[in-house]
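> dropping the sequence and predicted coords here.
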Amino acid sequence: MKVVYAVADTAIPLVDGFGAVRVVQRGSHWSADDPLVQSHPDLFSDDPLIGLSFSGSEPPAETATAVPGERRNVRRG
């Protein structure tokens with residue numbers, strides 16, 4: 001199952017006729033197949049660092065080189 005992460009805290013109105021809303025919290029993970037994700041793809045990302053908590057002043061940096069056994073897709077011009 002593919003998972004996506006909410007990029008912002010928001011409340012999405014549901015089409016139920018009663019004025020209900022679905023609260024989405026930044027960083028919460030959702031199935032990419034969920035109808036709410038499908039109808040609001042701009043509110044979700046496949047980046048797992050969204051909503052990640054850490055104790056430093058900046059998020060962890062991406063490494064510039066691959067670790068042993070890791071394959072990277074590189075385009076060379």
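Thanks, I have the structure now.
> low-confidence ranges in the protein?
Across the chain, the ranges flagged by pLDDT under 70 are 56-64, 72-77.
> one more time with 80
Confidence mapping of the chain against pLDDT under 80 gives the ranges 15-17, 53-77.
> all strands for it, in order.
For the chain, applying DSSP state E gives strands covering 3-6, 10-13, 21-24, 29-31, 44-45.
> the first one pairs with which strands, parallel or anti?
Strand 3-6 has the following sheet partners, assigned by DSSP bridges: strand 29-31 (antiparallel), strand 44-45 (antiparallel).
> would you reformat those strands as a markdown table and include distance to V37 and mean neighbour count?
Quick note: C-beta positions are derived from backbone N, CA and C, even for glycine. Below are the strands paired with strand 3-6 laid out as a markdown table (distance: least, CB to CB, whole Å; neighbours: other CB atoms under 10 Å):
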| stretch | distance to V37 | mean neighbour count |
| --- | --- | --- |
| strand 29-31 | 5 | 14 |
| strand 44-45 | 5 | 18 |
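> now these as JSON lines including distance to G19?
Formatted as JSON lines, the strands paired with strand 3-6 follow (distance: least, CB to CB, whole Å):
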{"stretch": "strand 29-31", "distance to G19": "23"}
{"stretch": "strand 44-45", "distance to G19": "24"}
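> please name whichever of the strands of the chain is nearest to S53.
Distance to S53, taken as CB to CB, is lowest for strand 3-6 among the strands of the chain, at 12.9 Å.
> next one: the closest one to chain centre, how far?
Distance of strand 3-6 from the chain centroid (CA atoms, centre = their mean, to the nearest Å) equals 3 Å.
> endpoints of stretch 55-71, how far apart?
Taking CA to CA, to the nearest Å, stretch 55-71 runs 29 Å from one end to the other.
> ok, now stretch 35-47?
First residue to last in stretch 35-47 (CA to CA) measures 19 Å.
> on that earlier part again, looking at the strands paired with strand 3-6, which is nearest to V23?
strand 29-31 (12.5 Å).
> contact partners of stretch 29-49?
1-8, 10, 12, 22, 24, 59-60 (CB atoms under 8 Å, 6 or more residues apart in numbering).
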